[in-house]
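Novice: structure of the sequence below:
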Amino acid sequence: MENVLKIIERLALKHDKISPDIVKSKNIKLGLRNENGTGVFVGITSKGQVIGYKKEIQGDGSEKKIDLDGELYYCGYNVKDLVRHHQKEGRFGFEETIYLLLTGELPNKKHLDTFTSELAQRRRLPEEAKKIILNRPPHDDQMGPLHTIVSAMHLFDRNPDSTDINDLSRQCIDLIAKFPTIVAYNYHASAGHRKELPELLDPRDDYSHAENFLYMLHGKKPDKLTAHLFDMMLVLHAEHGGGNNSTFTVRTVSSSGANSYMAICSGIASLSGHLHGGANEAVESMMENIKSHVKDWDDDDEVSSYLEKILDKKVNDRSGKIYGIGHAVYTKSDPRALILEHKAEEIAKKSGMKKEFNLYRKVAMLAPDIVLKKKGKVAAANVDFYSGFVYRSMGIPKDLFTPIFAMSRVAGWTAHRIEEIIQGKLIRPSYYSSLPGLRKDYVPLSFR
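Specialist: Below is the predicted model of the structure:
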């Protein structure tokens, strides 16, 4: 007799596949994307704006997509300006970025100091939460435990289901403050590190958000270059508009009236998917493959030849993807990647990885032309292309790349959650039926 799991698999494949003809005839926006690759407008936000193209109406009334150099704005401020001023003033910028996203305004010195102090005071976890982390079954997964602990945090909230703006603000700030502690503790308590588990370090009130995480991870205060670079990484990943998968998920769940902990957990769940949060890990694996198969890293022709084989599904994971090249919105350039490339070179020199960085830069330079030639798509290196390399140069293990992404993006998630609750409209799109018609011939069980 056919195994029940095989029956389900066979019937699911039979009924759940959809015809491209139906999609086209009904003008269905799969993935909430238009046929030309642009996004469908489903909401409105003041938090983030991602620009990679513009639309122009042609003489025949059709719409044309015009590729642009990428730009990213947080509450109207260009992220390049934010990063430039943080660096010019020699200060950490993530705390200011969080404040900006939550309030829509840049803080003055007094308000920033007060907000930074508030975050610092909220970093510690309840002892019961520490016990949950330490007593979970041995496992090396990092995103699952992050989801578990964030979900459990509602147990320590006297009013977890409140959607009053005061409670929302308190919950969001509390989660942002605790994410680095949860991520660091989960890592130290994971199966591969449990035997060497040191005493879980209490977060420091006198360290910045970036310094504090690196301190809890490595057990010592990071050097200035590493700390400021990590802070910049947090700023660059903090927000990316309402349409990215995890933020849209948080907004969707928030629109139902779910509490803050469930809503933020939905963002973690989305980010755990390899098509969203795991991109920099895929880049690192691909680059390891390139390094082992390309003999002369300085030879453009040899590198190009191998990249073509990757696109032709002949090598690497045979997916046909050059990971880290291309983006759903950015076409000609990703502004975050341009910022990160310069800093990646700086830390590569410091950590003795300059030759390896040069290979990354060469792939980023050659791949767009190859993608255009073979697929007819305008593409450029995105932020994920360099971020894994930078984290690795800091001594951060690969399995923390995605949790760190969550640690940064929770700033954007919480800002969008508050905005969604204030807007107060349940997100409920429609789906077209793929069935050819209604079934009226119900057959009693005894006759099937």
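Novice: pLDDT below threshold where in this protein?
Specialist: Scanning the chain for pLDDT under 70 picks out 1-2, 193-198.
Novice: which parts of the longest helix seen in it are buried?
Specialist: Under DSSP state H, the helix in the chain containing the largest number of residues is helix 165-189. Residues 167-168, 170-189 are the ones in helix 165-189 that count as buried (16 or more other Cβ atoms under 10 Å). Quick note: C-beta positions are derived from backbone N, CA and C, even for glycine.
Novice: again, but for stretch 302-321
Specialist: The neighbour-count criterion (16+ other Cβ under 10 Å) identifies 303-304, 306-308, 310-311, 315-316, 321 as the buried residues of stretch 302-321.
Novice: one more: stretch 118-125?
Specialist: Across stretch 118-125, burial judged by 16+ other Cβ under 10 Å covers 119-120, 122-123, 125.
Novice: what of stretch 261-273?
Specialist: Using 16+ other Cβ under 10 Å as the test for burial, stretch 261-273 gives 261-268, 270-272.
Novice: same check on stretch 375-394?
Specialist: By 16+ other Cβ under 10 Å, the buried positions in stretch 375-394 come out as 378-394.
Novice: so which of those are in strands?
Specialist: Among the buried residues of stretch 375-394, none falls in strands (DSSP state E).
Novice: so who does Phe401 touch?
Specialist: 278, 280-281, 284, 387-388, 391 (Cβ atoms under 8 Å, 6 or more residues apart in numbering).
Novice: how about 6 Å then?
Specialist: When contacts are counted by Cβ atoms under 6 Å, 6 or more residues apart in numbering, Phe401 is found next to 280-281, 388, 391.
Novice: follow-up on the earlier one: can you add secondary structure and distance to Asn244 and give the buried residues of stretch 261-273 back as CSV?
Specialist: As requested, the buried residues of stretch 261-273 are exported to CSV (DSSP: H, G, I helix; E, B strand; the rest coil; distance: Cβ to Cβ, whole Å):
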residue, secondary structure, distance to Asn244
Tyr261, helix, 21
Met262, helix, 19
Ala263, helix, 15
Ile264, helix, 15
Cys265, helix, 17
Ser266, helix, 13
Gly267, helix, 10
Ile268, helix, 14
Ser270, helix, 9
Leu271, helix, 9
Ser272, coil, 14
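Novice: tell me how far Gln142 lies from Lys313.
Specialist: Using Cβ to Cβ, to the nearest Å, Gln142 is found at 30 Å from Lys313.
Novice: now Pro180: closest residue in space that isn't a chain neighbour?
Specialist: Phe213 (3.8 Å; Cβ to Cβ, 6 or more residues apart in numbering).
Novice: host element of the one you found?
Specialist: Here Phe213 is covered by helix 209-218, with elements defined by DSSP states H and E.
Novice: give the buried residues for the helix or strand following that helix.
Specialist: Using DSSP H and E, the next helix or strand after helix 209-218 towards the C-terminus is helix 224-237. For helix 224-237, the neighbour count (16+ other Cβ under 10 Å) marks 226-237 as buried.
Novice: JSON lines please, covering those and showing distance to Ser433.
Specialist: Output for the buried residues of helix 224-237, formatted as JSON lines (distance: Cβ to Cβ, whole Å):
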{"residue": "Thr226", "distance to Ser433": "54"}
{"residue": "Ala227", "distance to Ser433": "54"}
{"residue": "His228", "distance to Ser433": "54"}
{"residue": "Leu229", "distance to Ser433": "51"}
{"residue": "Phe230", "distance to Ser433": "49"}
{"residue": "Asp231", "distance to Ser433": "50"}
{"residue": "Met232", "distance to Ser433": "48"}
{"residue": "Met233", "distance to Ser433": "45"}
{"residue": "Leu234", "distance to Ser433": "44"}
{"residue": "Val235", "distance to Ser433": "45"}
{"residue": "Leu236", "distance to Ser433": "42"}
{"residue": "His237", "distance to Ser433": "39"}
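Novice: now do the helices in the stretch 51-200 of the chain.
Specialist: Per DSSP state H, counting those that start in this stretch, the stretch 51-200 of the chain carries helices over the ranges 79-88, 94-103, 109-121, 127-135, 143-152, 165-189.
Novice: measure Phe447 to Gly437 for me?
Specialist: Taken as Cβ to Cβ, the span from Phe447 to Gly437 is 22 Å.
Novice: check Ser430 too.
Specialist: Separation of Ser430 from Gly437 (Cβ to Cβ): 19 Å.
Novice: do Leu311 as well
Specialist: Using Cβ to Cβ, Leu311 is found at 42 Å from Gly437.
Novice: same question for Pro403.
Specialist: Taken as Cβ to Cβ, the span from Pro403 to Gly437 is 47 Å.
Novice: the two: which is more packed in?
Specialist: In this view Pro403 and Gly437 are compared by other Cβ atoms under 10 Å, and Pro403 has more residues nearby, 24 against 6.
Novice: enumerate every residue touching the more buried one.
Specialist: Residues in contact with Pro403 (Cβ under 6 Å, 6+ apart) are 142, 146, 183.
Novice: quick check: it is in a strand.
Specialist: No: assigned with DSSP: H, G, I helix; E, B strand; the rest coil, Pro403 falls outside any strand and is helix.
Novice: domain parsing for the protein?
Specialist: 72-275+400-423, 279-393 (automatic domain parsing).
Novice: show me what contacts Ile325?
Specialist: Ile325 sits next to 367, 379, 381 when contact means Cβ under 6 Å, 6+ apart.
Novice: quick check on it: phi, psi?
Specialist: Per-residue torsions, Ile325: phi -110, psi 120 (degrees, to the nearest 10).
Novice: ok, now the one 4 residues further on?
Specialist: Here is the backbone geometry of Val329 (degrees, to the nearest 10): phi -120, psi -50.
Novice: that one: neighbouring residues, count only.
Specialist: 19.
Novice: that one and Ala227, how far apart?
Specialist: Between Val329 and Ala227 the computed distance is 30 Å (Cβ to Cβ).
Novice: and what of Ile264?
Specialist: Ile264 sits 26 Å away from Ala227, going by Cβ to Cβ.
Novice: now Ser256
Specialist: From Ser256 across to Ala227, the span is 39 Å (Cβ to Cβ).
Novice: got it, and Ala152?
Specialist: Ala152 sits 30 Å away from Ala227, going by Cβ to Cβ.
Novice: check Ser190 too.
Specialist: Ser190 is 24 Å from Ala227, by Cβ to Cβ.
Novice: list phi and psi for Leu5.
Specialist: Torsion angles, degrees, to the nearest 10, at Leu5: phi -70, psi -40.
Novice: buried residues in the host helix or strand of Ala337?
Specialist: Per DSSP H and E, Ala337 falls inside helix 335-350. Residues of helix 335-350 classed as buried: 335-341, 343-345, 347-348 (neighbour count, 16+ other Cβ under 10 Å).
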